[in-house]
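Peer 1: The sequence isn't on hand, but the structure is:
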């Protein structure tokens, strides 16, 4: 529980960055750019109407039907890897149910190209020309193509909601757990026409071709087609030799494609996704505003949990350095002030996990405004004028390092408006295993309601006292939260 709630509070806070940012193209009332004069001391009384409304999922109805995809289809995808050792990748993807195969033409972040054919019987690295697939080599792997129904018997629709400008159904499936572990989940978001829009895998999956080897995937331009390059690729791969190569991760895919030294002549652009550019330079990484409030959906990689509506208040100045992340129980209607799952209360250099009937002093302190710079985050791509992935016209894709070569992925606008934040490979079974935050509402600067940062009486004698150094963020030393959270430590001092 300790490490996960540290990350949960950090995920929530890390969505919100400097500058009021652009207004969305649609639903301009979803956020409020408050005038600086509204930033008042934390103790001043504020009415409930000043709070941003909490998000809620509506019901999928009785016995919701699994979306069934066409016999043959094509789509574009942006694939976020689990580890630093791979790269962000764009995939031009075809599927043919009759051939029982899926075909991916990849362009990696650095311009490296590759193509992969996954059938029921084998997986092939494909060499292509302008005329299409030409030759290939069989590799060792557990990859399989998906079917027309991406969901299985364990699938459950958690609800419907508008997220990032898209009306979507939130589906999840149960993943077979390891010994003594809670069952993980794979999340699937489908638009209201039943087309896939996004996926999040708790751990690599081998049932979706190459897609399952990436943690977080966004899809666009999904449509049925009459023809695909798959029959030509299958013919090119008939009776080919096997290579002494195992493909079990995005890192393996990338290493193979780099070794083949095929480069895209269009880099850094991706012709199939007109708004995507893999060259992203910014003068400075964003910083938190001195005060903000926000609402999000927080989604778990544990199958048993539905998304948690969440509210965050943050203030960092000479007088107050505090943050509260309040997570509510999942449900289709949340009552303000009740239905509370937990508070992550970060006061200066102290952090408390506050739950009904107990308080544990097991969290780091407040994250510092410039944590992205401290954590050596990098901008990896830019997406412009593309409403398929967000309601904003211009978006930056940012990567931040974690332990074990895992990463944070986050999207925000150049002016600093947050969009989404996720953690790859989040451990299952630590608390609610939160891994994804979808931004819903944001206001900066903001009024902080009276009593928001009050430490409960139960924390005067917490059941657990003293923050155990949590290895969540990288940045040198023993790679812990103290590079990004107070109390700060110098890099040379182990954090």
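Peer 2: On my side now, so go ahead. Worth saying up front: this structure is predicted, and the values here are computed from it rather than measured.

Peer 1: Please name the residues that touch the spatially most central residue of the chain.
Peer 2: In the chain, the centroid-proximal residue (C-alpha atoms, centre = their mean) is residue 422; its distance is 2.9 Å. By C-beta atoms under 8 Å, 6 or more residues apart in numbering, the residues touching residue 422 are 11, 80, 200, 215-216, 408-410, 435-437. Every C-beta, even on glycine, is put in place using the N, C-alpha and C of the backbone.

Peer 1: and those residues as JSON lines, adding pLDDT?
Peer 2: Below are the contacts of residue 422 laid out as JSON lines (pLDDT from 0 to 100):
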{"residue": "11", "pLDDT": "55"}
{"residue": "80", "pLDDT": "97"}
{"residue": "200", "pLDDT": "98"}
{"residue": "215", "pLDDT": "97"}
{"residue": "216", "pLDDT": "98"}
{"residue": "408", "pLDDT": "93"}
{"residue": "409", "pLDDT": "96"}
{"residue": "410", "pLDDT": "92"}
{"residue": "435", "pLDDT": "94"}
{"residue": "436", "pLDDT": "96"}
{"residue": "437", "pLDDT": "95"}
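
Peer 1: what about the chain, any weak spots by pLDDT?
Peer 2: Residues of the chain meeting the criterion pLDDT under 70: 1-49, 331-338, 430-432, 464-482, 489-495.

Peer 1: how close does the residue nearest to the residue nearest to the centre of the chain when sequence neighbours are not counted get to residue 93?
Peer 2: Counting by C-beta to C-beta, 6 or more residues apart in numbering, residue 422 lies nearest to residue 436, which is 4.4 Å off, once chain neighbours are set aside. Counting by C-beta to C-beta, to the nearest Å, the separation of residue 436 from residue 93 is 22 Å.

Peer 1: dump the residue contacts of the residue lying closest to residue 155 once chain neighbours are set aside.
Peer 2: Spatially, and ignoring its direct neighbours in sequence, residue 155 is nearest to residue 173 (4.8 Å; C-beta to C-beta, 6+ apart). Contact analysis of residue 173 by C-beta under 8 Å, 6+ apart lists 151-152, 154-156, 185-186, 188, 303.

Peer 1: just residue 307 next, same as before
Peer 2: 57, 158-159, 170, 297-300, 330, 438.

Peer 1: residue contacts, the closest residue to it other than its chain neighbours?
Peer 2: Among residues not flanking residue 307 along the chain, residue 297 sits closest, at 4.3 Å (C-beta to C-beta, 6+ apart). Going by C-beta under 8 Å, 6+ apart, residue 297 touches 55, 57, 161, 163, 307-310, 437-438, 440.

Peer 1: Repeat the analysis, applying 6 Å as the threshold.
Peer 2: Counting by C-beta atoms under 6 Å, 6 or more residues apart in numbering, residue 297 touches 55, 307, 438.

Peer 1: Closest to residue 345 out of the contacts of residue 307?
Peer 2: residue 298 (16.2 Å; C-beta to C-beta).

Peer 1: Is the residue nearest to the centre of the chain in a helix, a strand, or coil?
Peer 2: strand (DSSP: H, G, I helix; E, B strand; the rest coil).
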